[in-house]
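Visitor: Using only what follows, build the 3D model:
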Amino acid sequence: MIFGTIQRLTAIDDFDLPGRENNFTLNLSRPVEWILTCPIMQLKLVVLAGSRVPSYRRFMMPLMSVAVLLCGTASMFTGEGNSEGEESLFSGDSDFRKLSIVLIVTWFPFPLWFSLSVEGFGLVTDGFIIEMGWVVLNIVSKFLFIIWLQRCKMVHQRKLEAARELYGLSPSDEINEEALKKQALTNGNTTAMGGINAENYGLGQGEEADSELKMVEIVAETMVTLGMSSHTDRLLRLMVENGVTNTAVLERLNAERCMELNLPHALIDGCQRRWIAEKMNMGQDNGGSTGEKEDPFKKLLEANKEPG
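Guide: Here you go, the predicted model:
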């Protein structure tokens, strides 16, 4: 202990911990001293208790003390997380962070229930209630984790499938998300580097300028929400090439029409939902009735395809 105290007064055992804003320096002799002395103190307690304490605790308590101290020391040398400082417990929007929070929230009640049961302070003594508590905690934590993980998987797969449709790739083509992003940049997409301009697609200049600008805005916002902003340019060009140039045409697309026009229905559906929600907020939705007996989709589509 005296040797450790002397070491802390020198700079021999100083280590700069990674990922600390205030450049905190750790005196390594301090945790080393704890690892060497705390297990001995635990052993002394067992020996002092005499024969009433089971003999196996002579090994269990010191070993548990060493394990806890080693984990604490290792955690001090852990720097920034996998997000390189972009996310934390209280900020961020990644699936990894959300799933980690689910684990923290659903695992936290376990030690609390352990403390309340007869294994802890004995505040809850009914065996049936204790077992039912463990069952409920297990079901909530495990199933919530599985459900959220499956949701993340489905969202990711949907993004990849939509991106494949944008570039005309078949499901059998082996390509990952990073490769799709590189392909988007190779094809001249500038969305991720400064936004989009409706004029680049020949929109926002005619009689339907407001509707055309709104469609571009809706598409851009939807792609950002889906985490596919790097593919916005590709989707807009496909839509314009097939005559989908304003919100009037956009809201009348369905799965069959998307298939005929070679448009990714998953992304179009997302744009339509966003547009419907925005109309509802602005009080422009008329309950789904267009007020016309004939679907004007084909007429609008043909008019938009005509060279102007």
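
Visitor: Tell me how far Arg52 lies from Val46.
Guide: Separation of Arg52 from Val46 (Cβ to Cβ, to the nearest Å): 10 Å. Every C-beta, even on glycine, is put in place using the N, C-alpha and C of the backbone.

Visitor: Those two: who's more crowded?
Guide: Val46 (18 against 5; other Cβ atoms under 10 Å).

Visitor: tell me which element that one falls in.
Guide: helix 29-49 (DSSP states H and E).

Visitor: And the next helix or strand past that helix?
Guide: Next along from helix 29-49, by DSSP H and E: helix 57-76.

Visitor: Just the buried residues of that next one, please?
Guide: Across helix 57-76, burial judged by 16 or more other Cβ atoms under 10 Å covers Arg57, Met61, Pro62, Ser65, Val66, Leu69, Thr73.

Visitor: Now do the helix holding Val46: which elements does it pack against?
Guide: On a contact count with 3 or more Cβ pairs under 8 Å, 6 or more residues apart in numbering; DSSP states H and E, helix 29-49 meets helix 2-8, helix 57-76.

Visitor: Low-confidence stretches in the chain?
Guide: The chain contains residues with pLDDT under 70 at 1-26, 78-86, 159, 162-195, 281-308.

Visitor: Going along the chain, name the strands of the stretch 151-300 of the chain.
Guide: With DSSP state E, counting those that start in this stretch, there are no strands along the stretch 151-300 of the chain.

Visitor: Show me the two of the buried residues of helix 57-76 that sit farthest apart.
Guide: Spanning the widest gap among these are Arg57 and Thr73, at 23.8 Å by Cβ to Cβ.

Visitor: For Val68, give its distance to Pro39.
Guide: 10 Å.

Visitor: Hmm, I typed the wrong one, I wanted Leu160.
Guide: 51 Å.

Visitor: go on, Val47?
Guide: 13 Å.

Visitor: Same drill for these two, tell me which one is more crowded.
Guide: Pro39 (18 against 10).

Visitor: and the gap between the residue nearest to the more buried one when sequence neighbours are not counted and Cys38?
Guide: Leaving aside its sequence neighbours, Pro39 sits nearest to Pro62 (Cβ to Cβ, 6 or more residues apart in numbering; 3.6 Å). Pro62 sits 8 Å away from Cys38, taking Cβ to Cβ as the criterion.

Visitor: One more: Glu87?
Guide: 35 Å.

Visitor: same question, Val124
Guide: Distance from Val124 to Cys38, by Cβ to Cβ: 31 Å.

Visitor: now do Glu207
Guide: Taking Cβ to Cβ, one finds Glu207 at 80 Å from Cys38.

Visitor: neighbour-wise, which of those two wins?
Guide: Taking other Cβ under 10 Å, Glu207 and Cys38 do not tie; Cys38 has more neighbours (15 against 8).

Visitor: which residue sits closest to the more buried one, ignoring its sequence neighbours?
Guide: Ser65 (5.0 Å).

Visitor: show me the contacts for the one you found.
Guide: Counting by Cβ atoms under 8 Å, 6 or more residues apart in numbering, Ser65 touches Cys38, Pro39, Gln42.

Visitor: picking that back up, Serialize the helices and strands packed on helix 29-49 to CSV and add fields for distance to Ser141.
Guide: Shown next, in CSV, are those (distance: least, Cβ to Cβ, whole Å):
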stretch, distance to Ser141
helix 2-8, 41
helix 57-76, 22
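
Visitor: So for Asn246, which of the ones you listed sits nearest?
Guide: helix 57-76 (56.2 Å).

Visitor: and Thr73, what does it touch?
Guide: Pro31, Ile35.

Visitor: State the distance from it to Leu89.
Guide: 22 Å.

Visitor: got the phi/psi numbers for Ser88?
Guide: Ser88 adopts backbone torsions of phi -150, psi -170, taken as degrees, to the nearest 10.
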